[in-house]
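Trainee: sequence-free structure coming up:
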């Protein structure tokens, strides 16, 4: 089974686990509704606060799960700056204590026990946020520079895709789709071998940024008012870009072949000696 399929399956399993948290919201919501229709306004307020606290914790957990999935998918990644899963665990602990003591009327020691049990159970089932950076083999290159370069390129690609959703011209959309797919392949290649960022930096800075500027300018206008000669120029431009991307991919492959040749030569010398 390929790595991509394994990651996809793990992401699906994680999504299924997220649904369990939302199930806890159902009885809370029912409790709020019952309190409202039975004119138990104090119970309505207390239950409503508990529902909002639980909803906030679930949403924090969702953000944490999304961060963790993206972290696992990426070959190079910085540890998340905001530990959403940890915050969600603490939020669930506070919510569990509140519901037990203020809503359920349990003794304070029992409420504290439930408040401790909730984040512990969350941690045992979901784990906490990634703590370490995934840097791979940097080969003397600044890890920070590589990660920032890749993240910037990904943001540009995201911007291009957002603009593509507004483009109805099928030919232009198709050419942009081909370009973004090849750009993502190049980024994946760089992540697998970070030293390739040296030979691909021009591509990352010039071409992806150039496409982003073009799509942004295109979508800023009414598409129906854009003349066919301008569209034809864009088609030609993107065809040229496609050739550039193909050359870039070929160059990255040749760079890897060069590295392999060097390692083979080194190994031969070691065997001779």
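Mentor: Good, I have the coordinates. What you are looking at is a predicted structure, and each value in this text was computed from that prediction instead of being measured.
Trainee: tally of neighbours for residue 51?
Mentor: 20 (other CB atoms under 10 Å). For every residue, glycine as well, the C-beta is placed using N, CA and C.
Trainee: Would you agree it falls within a strand?
Mentor: No: assigned with DSSP: H, G, I helix; E, B strand; the rest coil, residue 51 falls outside any strand and is helix.
Trainee: Settle this for me: it is touching residue 27, isn't it.
Mentor: No: under the criterion of CB atoms under 8 Å, residue 51 makes no contact with residue 27, lying 9.8 Å away.
Trainee: could you say what helices and strands the helix or strand where residue 124 lies packs with?
Mentor: Element membership for residue 124, per DSSP states H and E: helix 108-126. Judged by 3 or more CB pairs under 8 Å, 6 or more residues apart in numbering; DSSP states H and E, helix 108-126 is in contact with helix 41-73, helix 84-98.
Trainee: could you give the angle of the shortest one to helix 108-126?
Mentor: In other words, helix 84-98. 150 degrees (axes from the mean of the first three to the mean of the last three CA atoms, to 10 degrees).
Trainee: so what secondary structure elements neighbour helix 84-98?
Mentor: Going by 3+ CB pairs under 8 Å, 6+ apart, helix 84-98 lies up against helix 41-73, helix 108-126.
Trainee: Need the ones you listed in TSV (columns: distance to residue 212 and mean pLDDT).
Mentor: Shown next, in TSV, are the helices and strands packed on helix 84-98 (distance: least, CB to CB, whole Å; pLDDT from 0 to 100):
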stretch	distance to residue 212	mean pLDDT
helix 41-73	21	91
helix 108-126	36	93
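Trainee: related to what we said a few turns ago, closest to residue 188 out of the helices and strands packed on helix 108-126?
Mentor: helix 41-73 (10.5 Å; CB to CB).
Trainee: residues of the closest one that come out buried?
Mentor: Under the neighbour-count criterion of 16 or more other CB atoms under 10 Å, helix 41-73 has 43-44, 46-51, 53-55, 57-58, 60-62, 64-68, 71 buried.
Trainee: what's the offset of it from the middle of its chain?
Mentor: Its chain's average C-alpha position is 19 Å from that of helix 41-73, according to CA atoms, centre = their mean, to the nearest Å.
Trainee: ditto for stretch 245-253
Mentor: That offset, for stretch 245-253, works out to 26 Å (CA atoms, centre = their mean).
Trainee: Also stretch 152-160?
Mentor: 12 Å.
Trainee: end-to-end on stretch 189-207?
Mentor: From its first residue to its last, stretch 189-207 covers 17 Å (CA to CA, to the nearest Å).
Trainee: so for that stretch, what's the average pLDDT?
Mentor: The pLDDT scores in stretch 189-207 average 75.
Trainee: Show me which positions of that stretch end up buried.
Mentor: So, applying 16+ other CB under 10 Å, buried residues of stretch 189-207: 189-191, 193-197, 200, 203-204, 207.
Trainee: I'd like to know which of those are part of helices.
Mentor: 189-191, 197, 200 (DSSP state H).
Trainee: of all the residues you listed, which comes closest to residue 229?
Mentor: Of those, the one sitting nearest to residue 229 (CB to CB) turns out to be residue 200, at 33.0 Å.
Trainee: Please determine how far the nearest residue to that closest one once chain neighbours are set aside is located from residue 161.
Mentor: Computed as CB to CB, 6 or more residues apart in numbering, the closest residue to residue 200 that is not its neighbour in sequence is residue 190, at 5.6 Å. From residue 190 across to residue 161, the span is 19 Å (CB to CB, to the nearest Å).
Trainee: Give me the pLDDT for residue 261.
Mentor: At residue 261, pLDDT is 43.
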